[in-house]
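A.B. asks: Prediction below, plus the sequence it came from.
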Amino acid sequence: EQVVLEVNHLKKYFPIKGGILKRTKNHVKAVDDISFKVRENETFSLVGESGCGKSTTGRSILRLLEPTDGEVIFKGDNLLDVNKRTFRHMRKDMQLIFQDPYSSLNPRMTVKKLLVEPLLTHKLATKKEAEQKAEEMIEKVGLSKEQLNRYPHEFSGGQRQRISIARALIVNPKLVILDEAVSALDVSIQSQILNLLMRLQEEFQLTYVFISHDLNVVKHLSDRVGVMYLGQMMELASTEELYENPLHPYTKALLSAIPTIDPKEKKERIILQGDVPDPSDPPSGCPFRLRCPMAHNRCAEEKPKYIEKEKDHWVACHLFDE
Ligand code: SF4
Ligand code: MG
């Protein structure tokens with residue numbers, strides 16, 4: 001398969017003032033050496049609890065945050081090497097959709113203006129062509145032409161998310177990063193938007209990076225899933241493989257916490273101890289060890305290697321790297 005996006009050893013560290021003397025230079029390793037590939041037309045999901053670095057990863061790929069180190073290879077170019085001008089030009093091929101469309105849609109612009117603007121900014125159409133395109137696009141996301149003259153506040157949350165999807169897709173991107181794109185919506189609206197996203201993916205041959213904390217949603221629409229914890233990739237596999245045959249104790253715990261609809265399906269819930277540690281003061285060795293039911297001596301001493309345990313199934317845990 002064709003690889004659209006390749007992330008190699010990506011790191012994003014944020015400086016913080018730390019230590020008792022407040023003089024020690026320290027940093028939070030929000031993303032700490034993660035690697036993955038995204039294949040053409042697939043949905044690749046990044047899951048994990050809040051603060052695990054999944055959003056920072058998405059933003060670093062788009063250089064909304066400048067990565068500390070690593071490579072982001074998109075259609076053969078390392079995005080971290082290209083100059084600002086070239087990057088601006090490439091940016092239209094990579095769009096981001098956020099959780100809260102209200103904050104990303106300028107409230108003073110009509111929907112028409114919101115849809116026309118990216119086409120004009122990237123010089124992809126004349127004003128007349130752009131307006132024509134806006135009319136087509138608004139219908140593709142399930143709204144109507146008549147609604148183009150309205151303002152974002154006149155729409156419901158689900159409708160606003162449809163507008164931001166239209167705005168992202170109108171420039172005909174290759175890759176779309178969806179950061180908790182349905183998390184703020186009611187469950188029934190969520191599934192409408194997810195179905196819309198899957199339809200549009202087909203129609204426009206899109207590749208998705210889907211960032212979410214919700215393992216039910218992720219299972220529904222992903223081809224492959226990466227599980228992050230404290231800025232690191234714990235496990236990565238095809239959706240089927242990950243949900244049927246999870247290897248990492250963290251993945252097992254996350255999956256055990258999903259409520260099941262079928263009462264006959266017996267599941268033993270693995271209760272994790274404690275909270276996610278302070279990312280500015282992570283544990284030695286395995287980042288998960290303070291909460292891991294399988295932790296042993298080696299886990300404190302040595303950071304587990306990220307290995308391909310089975311074909312296309314990666315895991316970072318000492319239970320698998322002996
Ligand atoms: Fe648990 Fe050790 Fe594996 Fe980390 S390396 S997940 S602490 S068993
Ligand atoms: Mg987030």
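C.D. replies: Ah, there it is. Residues are numbered from 1 along each chain as shown. Ligands and ions are numbered 1, 2, ... in the order given.

A.B. asks: How about stretch 277-297, which residues are buried there?
C.D. replies: 277, 279, 282-283, 285-292, 295 (16 or more other Cβ atoms under 10 Å). From N, CA and C alone the C-beta is placed, and that goes for glycine too.

A.B. asks: Glu117: which of those is nearest?
C.D. replies: Of all those, Glu117 sits closest to Pro279, with 36.3 Å by Cβ to Cβ.

A.B. asks: Tell me who's in contact with that closest one.
C.D. replies: When contacts are counted by Cβ atoms under 8 Å, 6 or more residues apart in numbering, Pro279 touches 28-30, 51, 230-231.

A.B. asks: Adding secondary structure and pLDDT, write those residues out as a markdown table.
C.D. replies: Converted to a markdown table, the contacts of Pro279 look like this (DSSP: H, G, I helix; E, B strand; the rest coil; pLDDT from 0 to 100):
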| residue | secondary structure | pLDDT |
| --- | --- | --- |
| Val28 | strand | 90 |
| Lys29 | strand | 93 |
| Ala30 | strand | 94 |
| Gly51 | coil | 87 |
| Leu230 | coil | 95 |
| Gly231 | coil | 96 |
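
A.B. asks: anything in stretch 35-50 sitting right up against ligand 1?
C.D. replies: No. Figure legend: stretch 35-50 not in contact with ligand 1 (Cβ under 6 Å from any ligand atom); closest approach 13.8 Å.

A.B. asks: can you give me the offset of that stretch from its chain's centre?
C.D. replies: Relative to its chain's centre, stretch 35-50 lies at 7 Å (Cα atoms, centre = their mean, to the nearest Å).

A.B. asks: again, but for stretch 177-185
C.D. replies: In terms of Cα atoms, centre = their mean, the centre of stretch 177-185 is found 9 Å from the chain centre.

A.B. asks: So for that stretch, what gets flagged as buried?
C.D. replies: Neighbour counts using 16+ other Cβ under 10 Å place 177-182, 184-185 of stretch 177-185 among the buried residues.

A.B. asks: go on, stretch 238-250?
C.D. replies: Result for stretch 238-250 [16+ other Cβ under 10 Å]: buried residues 238-239, 241-243, 246-250.

A.B. asks: What about ligand 1: which of these touch it?
C.D. replies: Applying Cβ under 6 Å from any ligand atom to these, one finds that 248-249 fall near ligand 1.

A.B. asks: ok, so of the buried residues of stretch 238-250, who is nearest Lys127?
C.D. replies: Thr239 (43.0 Å).

A.B. asks: ok, the spatially closest residue to that closest one that is not a sequence neighbour to Gly158 distance?
C.D. replies: Leaving out its chain neighbours, the residue that sits closest to Thr239 by Cβ to Cβ, 6 or more residues apart in numbering is Ser222, at 4.7 Å. According to Cβ to Cβ, to the nearest Å, Ser222 stands 21 Å off from Gly158.

A.B. asks: Also Ile73?
C.D. replies: Distance check for Ile73 against Gly158: by Cβ to Cβ, it reads 35 Å.

A.B. asks: Tell me how many other residues surround the residue nearest to Phe74 when sequence neighbours are not counted.
C.D. replies: Leaving aside its chain neighbours, Phe74 sits nearest to Leu5 (5.4 Å; criterion: Cβ to Cβ, 6+ apart). By other Cβ atoms under 10 Å, 22 other residues sit near Leu5.
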